[in-house]
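S.K.: Sequence and predicted model, in that order:
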Amino acid sequence: MKEYLQTDPKTGLTTEEAQQRLNQFGRNEISEAKPNLFLKFVSYFRGPIAYLIEVACIVAGVVKDWVDFGIILGLLFVNAFIGFIEETRAESALEALKKTLALKTKVWRDGKLIELDAAELVPGDIITLRIGNIVPADAKLLGVNVSGSETSEYLMVDQSALTGESLPVNRNKGEIVYSSSIIKQGQMMAIVVKTGQNTYIGRAASLMNVAVDQGHFQKVVNKIGNFLILITVTLVVIIFIYQAVKFRGTSEGNILVILQHVLVLTVAAIPVGLPTVLSVTMAVGAKQLAAKKVIIRRLAAVEELSAVSVLCSDKTGTLTLNELSTDESWLTPSYNETDIFLYAYICSEPGTDDAIELAVRGSAEEKLDILKNRENDHDIPGFKVTSFTPFNPAKKLTEATVINLETQEKFKIVKGAPQVITKLAGGNREADQAVINLASRGLRALGVARTNSINPSDSDDSQQLKWELVGFLSLLDPPRPDSKDILKKCEELGLNVKMVTGDQLIIAKEVAHRLGMSRVILESNHLVDSAKSEDEVTEHCVKADGFAQVIPEHKYRVVELLQKKGYVVGMTGDGVNDAPALKRADVGIAVSGCTDAARSASDIVLLAPGLATIIDGIMTSRAIFQRMRSYALYRITSTVHFLLFFFCIILAKDWTLPAVLLILIAMLNDAATLVISVDNAQVSGSPDKWRIGQLITLSIILGIILTMFSFAHFFIFSYVIKVTQGQLYTVMYLHISSAPHFVIFSTRLTGYFWEVLPSPLFVISIFGTQIFAMFMSIFGVLTEAIGWVKSIIILAISLGIFVLLDFVKVFVLRYWSLELVTKICPSKSRRAKVAARRERALTLEKFAESAKKLRKVLLMVRVIRAFRHDDDDKRQE
């Protein structure tokens with residue numbers, strides 16, 4: 001290996017050498033054990049639900065019911081095939097998104113420093129390591145810094161991911177830094193010694209099999225699934241015992257026949273496709289978020305983002321532009337705004353990257369007409385700069401000598417620290433107070449002064465010249481143009497935004513004021529105040545609208561305190577030290593331009609700056625959540641209806657549908673609802689949350705009403721219309737297929753079904769399956785034909801039932817909303833709105849009472865006047 005480590009640090013490897021070594025050593029990746037596709041497909045035949053279907057299939061074969069055997073076997077394979085295809089697509093989509101976040105590194109190739117995917121590194125590559133970088137491969141430090149000069153500077157490296165050490169360690173020239181370590185301090189060049197599986201972490205990964213805890217989303221799916229399996233098994237066991245006892249000793253009492261029937265009933269009732277539909281919905285949502293510059297690193301974060309109730313946002317770059325700009329000007333009476341910007345521009349250095357100079361020149365070019373439409377940006381029409389002295393840190397000013405080409409007047413201009421410029425101009429109490437006023441608002445003052453005309457006999461020493469103060473420019477990192485509107489949008493969405501910044505308190509308060517936020521901005525010492533109890537500190541944290549002078553440890557503390565109060569917290573960050581807070585947050589958000597360490601610790605990575613990107617992501621995730629919730633509500637409702645109806649009708653009338661029709665209903669329901677992932681969804685006005693109790697309760701209410709209509713349907717066609725037994729099978733098949741199916745148009749919204757129209761593909765899918773079921777009923781496929789009239793009437797009745805259930809749903813949800821509004825909407829802004837509504841209602845009541853009293857007073861006045869008028873008439877008589 002030694003021969004591969006003789007690379008010249010000044011040039012690095014050539015492209016040909018790198019390619020040869022890449023072929024020899026392979027890509028710098030820790031290969032993950034990719035599942036065998038066949039074994040993955042077979043996995044869909046394992047699990048409680050799959051085992052139930054397989055037992056039903058075996059029993060059907062034993063009793064030689066080959067039609068049911070074929071249908072059940074078909075259901076088993078169709079479910080496995082759909083699940084396999086959709087999950088594979090979802091995984092592929094997520095992998096494609098992850099590739100956009102591939103770790104990059106700076107490497108010397110062919111004598112040039114280029115950026116390269118870390119996966120393309122080879123032994124012998126010369127790489128640069130800076131603060132915030134994740135070490136891309138095992139590498140030996142060369143003891144030279146990034147500029148190439150010799151240095152004894154060390155690197156401070158966080159190896160906690162490898163060794164468990166809580167504190168960073170120092171690494172010097174000649175020592176090895178390991179892949180996945182994080183550079184905490186310093187910068188240095190290094191030569192790659194091992195890549196991929198040969199790295200320290202690569203060898204360790206091959207020996208480990210890490211168990212992953214269940215995510216929140218998986219727990220929700222399990223809760224829903226367990227509830228449905230519980231009620232299904234309970235009711236089916238009762239049916240099995242009832243039929244076994246009732247038909248004991250008869251041909252109908254054959255245990256295998258009864259077992260086959262109850263297993264088919266179980267298979268048809270349990271939502272086989274529930275996990276698949278929900279996972280596909282999130283995967284499609286992840287692609288939608290990517291289109292909005294929001295990259296999902298962990299699929300479950302799609303659902304968790306919708307639940308965020310408090311967003312802790314960086315100020316710089318997210319709420320503000322992250323670039324200095326001039327703000328208000330303070331001027332002495334002899335000068336105007338044009339003068340101060342012109343003189344400041346003349347006394348600024350062209351072509352520099354200094355933030356103050358860029359702010360001054362940018363504002364002047366925007367405000368002054370003479371600086372527009374110039375051929376050369378260095379020219380100043382009407383003026384000639386004869387000498388220029390760049391900013392001197394000792395003197396704290398910049399100086400320029402200039403000639404007015406029109407008047408030939410020669411004078412000097414200085415620009416710099418306000419106290420220095422004011423002193424140069426002889427002092428000015430008003431000017432001193434102006435600087436204090438600007439500083440009290442977090443604005444940084446920049447003084448500008450000029451001399452009178454300089455004669456040839458005058459001294460060139462600036463201290464000997466007479467100076468006049470022109471005024472002060474103020475500088476601030478301004479809010480983004482859209483930030484104020486976005487914050488109002490956040491209030492409407494029930495999202496509480498807290499500003500978290502390392503800037504001084506006065507700067508934070510000024511920015512908060514300009515953004516329309518409350519000025520309840522606290523210094524970070526409130527978070528670690530030992531004189532206060534934990535409850536008091538937590539209360540301060542909840543009530544504050546932001547925190548100033550924050551260090552990364554304080555960010556972690558903010559997240560911790562808010563989570564203790566039950567808030568779902570989103571935290572933005574970009575630096576290496578933000579990683580712990582991003583990990584601790586329910587949703588860690590790495591902002592645009594973040595370090596590798598922040599990206600690695602986050603759940604979501606933003607590819608565009610600003611709060612608007614985050615809000616777009618939250619709104620999209622809420623729409624995705626509503627799709628998942630609507631499907632879960634529909635599926636639980638249809639399962640409750642299915643089980644209740646057949647449980648009651650079997651016990652009451654010993655009647656049920658043939659197994660083939662039961663299985664067909666289940667297949668049509670699951671197949672059609674897969675397209676819910678692309679449906680038009682309603683974005684909720686508050687953070688979303690899986691309220692399993694409410695979801696199940698509403699499902700039971702809707703399921704019971706559906707069951708009542710199904711009973712009415714059964715008895716009307718049995719005893720009023722008196723159809724044949726074969727036609728009754730068809731009638732009930734079409735009804736049970738359509739009535740619950742149409743209910744999904746209601747469950748997709750919390751309001752009335754017409755408030756947000758469904759997507760065309762969704763409508764086609766739902767109606768397509770029902771048209772298929774209707775044609776089966778009309779022409780008697782697998783059952784007895786009932787003709788056009790009865791089929792259309794049944795579908796029309798099903799549509800009517802769906803409309804009625806929609807009104808029931810809205811009534812129930814609004815009742816809950818009124819009763820539990822403060823619990824359902826925990827954010828302060830939402831509670832404030834509710835309180836405001838109540839306050840307005842009380843005000844109106846008081847106004848109404850006052851109006852009543854006023855009417856009574858006016859009536860009394862009229863009565864008194866009438867009496868007086870009568871008295872006057874009597875006197876006249």
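M.R.: Great, that's in hand.
S.K.: where does the stretch 701-850 of the chain have low pLDDT?
M.R.: For the stretch 701-850 of the chain, the stretches flagged by pLDDT under 70 are 817-850.
S.K.: repeat that with 50
M.R.: 820-831, 834-835, 838, 841-842 (pLDDT under 50).
S.K.: show me where it has helices.
M.R.: For the stretch 701-850 of the chain, the helices defined by DSSP state H, counting those that start in this stretch occupy 725-742, 744-747, 760-779, 787-819, 821-824, 828-876.
S.K.: How far does the third one sit from its chain's centre?
M.R.: Using CA atoms, centre = their mean, to the nearest Å, we find the averaged C-alpha position of helix 760-779 to lie 36 Å away from the chain's own average C-alpha position.
S.K.: Equivalent analysis for the first one, please.
M.R.: Centroid separation for helix 725-742 versus its chain: 42 Å, with CA atoms, centre = their mean.
S.K.: other SSEs contacting that helix?
M.R.: With contacts defined as 3 or more CB pairs under 8 Å, 6 or more residues apart in numbering; DSSP states H and E, the packing partners of helix 725-742 are helix 611-653, helix 659-672, helix 692-715, helix 760-779, helix 787-819. For the C-beta atoms, the positions are set from N, CA and C on the backbone; glycine is no exception.
S.K.: between those helices, which gets nearest to Leu116?
M.R.: helix 611-653 (27.1 Å; CB to CB).
S.K.: can you state the direction angle for that closest one and helix 787-819?
M.R.: Orientation of helix 611-653 against helix 787-819 (axes from the mean of the first three to the mean of the last three CA atoms, to 10 degrees) gives an angle of 120 degrees.
S.K.: Helix 611-653 vs helix 692-715, what angle?
M.R.: 40 degrees.
S.K.: What mean pLDDT does helix 611-653 get?
M.R.: The pLDDT scores in helix 611-653 average 85.
S.K.: and the gap between the residue nearest to Asp574 when sequence neighbours are not counted and Leu606?
M.R.: Distances taken as CB to CB, 6 or more residues apart in numbering place Cys594 nearest to Asp574, at 4.0 Å, with adjacent residues excluded. Computed as CB to CB, to the nearest Å, the Cys594 to Leu606 distance reads 8 Å.
S.K.: who's in contact with stretch 387-398?
M.R.: Applying CB atoms under 8 Å, 6 or more residues apart in numbering, the external contacts of stretch 387-398 come out as 347-349, 354, 399-401, 414-417, 420-421, 424.
S.K.: and what of stretch 662-674?
M.R.: So stretch 662-674 is in contact with 68, 71-72, 75, 78-79, 82, 86, 264-265, 267-269, 271-273, 276-277, 280, 631, 634-635, 638, 642, 656, 733, 736-737, 740-741, 744, 765-766, 768-769, 772-773, 782, going by CB under 8 Å, 6+ apart.
S.K.: Report the buried residues of stretch 500-509.
M.R.: For stretch 500-509, the neighbour count (16 or more other CB atoms under 10 Å) marks 500-503, 505, 507-509 as buried.
S.K.: Adding secondary structure, write these out as JSON lines.
M.R.: Supplementary listing: the buried residues of stretch 500-509 in JSON lines, determined by DSSP: H, G, I helix; E, B strand; the rest coil:
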{"residue": "Val500", "secondary structure": "strand"}
{"residue": "Thr501", "secondary structure": "coil"}
{"residue": "Gly502", "secondary structure": "coil"}
{"residue": "Asp503", "secondary structure": "coil"}
{"residue": "Leu505", "secondary structure": "helix"}
{"residue": "Ile507", "secondary structure": "helix"}
{"residue": "Ala508", "secondary structure": "helix"}
{"residue": "Lys509", "secondary structure": "helix"}
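S.K.: between those residues, which is nearest Lys140?
M.R.: Nearest to Lys140 among the buried residues of stretch 500-509, with distances taken as CB to CB, is Gly502, at 34.9 Å.
S.K.: contacting residues around the closest one?
M.R.: 548-551.
S.K.: In ChimeraX, select just the buried ones from those residues.
M.R.: The following ChimeraX line selects those of these that are buried, judged by 16+ other CB under 10 Å:
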select :548,549,550
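S.K.: which ones among the contacts of Gly502 are found in strands?
M.R.: Ala548 (DSSP state E).
S.K.: Can I get the contacts of Gly502 in TSV including distance to Glu323 and pLDDT?
M.R.: Formatted as TSV, the contacts of Gly502 follow (distance: CB to CB, whole Å; pLDDT from 0 to 100):
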residue	distance to Glu323	pLDDT
Ala548	20	86
Gln549	22	82
Val550	21	82
Ile551	23	77
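S.K.: Now tabulate the helices and strands packed on helix 725-742 in TSV and tack on mean neighbour count and distance to Ile239.
M.R.: TSV is the format used below for the helices and strands packed on helix 725-742 (neighbours: other CB atoms under 10 Å; distance: least, CB to CB, whole Å):
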stretch	mean neighbour count	distance to Ile239
helix 611-653	22	5
helix 659-672	22	13
helix 692-715	18	15
helix 760-779	17	25
helix 787-819	16	25
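S.K.: domains in this protein, as residue ranges please.
M.R.: 2-207, 220-283+623-824, 294-320+497-607, 325-476, 831-877 (automatic domain parsing).
S.K.: would you turn those into a markdown table with distance to Asp485?
M.R.: A markdown table is the format used below for the domains of the chain (distance: least, CB to CB, whole Å):
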| stretch | distance to Asp485 |
| --- | --- |
| domain 2-207 | 29 |
| domain 220-283+623-824 | 17 |
| domain 294-320+497-607 | 9 |
| domain 325-476 | 19 |
| domain 831-877 | 18 |
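S.K.: among these, which is nearest Lys488?
M.R.: Using CB to CB, those put domain 294-320+497-607 closest to Lys488, at 7.2 Å.
S.K.: Okay, and the residue nearest to Thr352 when sequence neighbours are not counted sits in which element?
M.R.: Spatial nearest neighbour of Thr352, chain neighbours left out: Leu358 (7.4 Å); criterion: CB to CB, 6+ apart. For Leu358, the enclosing helix or strand under DSSP states H and E is helix 355-367.
S.K.: which parts of that helix are buried?
M.R.: For helix 355-367, by 16+ other CB under 10 Å, it's 356-357, 359-361, 363-364.
S.K.: How about stretch 394-411?
M.R.: 397-403, 410-411.
S.K.: now those residues as TSV including pLDDT?
M.R.: Formatted as TSV, the buried residues of stretch 394-411 follow (pLDDT from 0 to 100):
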residue	pLDDT
Leu397	87
Thr398	90
Glu399	90
Ala400	90
Thr401	90
Val402	91
Ile403	91
Lys410	89
Phe411	91
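S.K.: In strands, which of those residues fall?
M.R.: 397-403, 410-411.
S.K.: Just the closest of those to Leu695, please.
M.R.: Using CB to CB, those come closest to Leu695 at Thr398, 66.1 Å.
S.K.: what's across from that closest one in the sheet?
M.R.: Lys415 (DSSP bridges).
S.K.: any idea how far Lys112 is from Thr14?
M.R.: Counting by CB to CB, the gap from Thr14 to Lys112 is 11 Å.
S.K.: Quick check: phi and psi at the nearest residue to Lys466 once chain neighbours are set aside.
M.R.: The shortest distance from Lys466 to any non-neighbouring residue, by CB to CB, 6+ apart, is to Asn452 (5.5 Å). Dihedral angles phi and psi of Asn452 (degrees, to the nearest 10) take the values phi -70, psi -180.
S.K.: Please apply the same query to the one 3 residues further on.
M.R.: In terms of degrees, to the nearest 10, the main-chain angles of Asn455 are phi -90, psi 160.
S.K.: pLDDT value on the closest residue to Lys543 other than its chain neighbours, please?
M.R.: Leaving aside its sequence neighbours, Lys543 sits nearest to Val520 (CB to CB, 6+ apart; 6.5 Å). For Val520, the model assigns a pLDDT of 82.
S.K.: Do a quick rundown of the strands in the stretch 151-300 of the chain.
M.R.: 155-158, 169-171, 176-177, 182-185, 188-194, 294-296 (DSSP state E, counting those that start in this stretch).
S.K.: for the stretch 351-500 of the chain, that is, sorry about that
M.R.: 383-392, 397-404, 409-416, 444-451, 467-476, 496-500.
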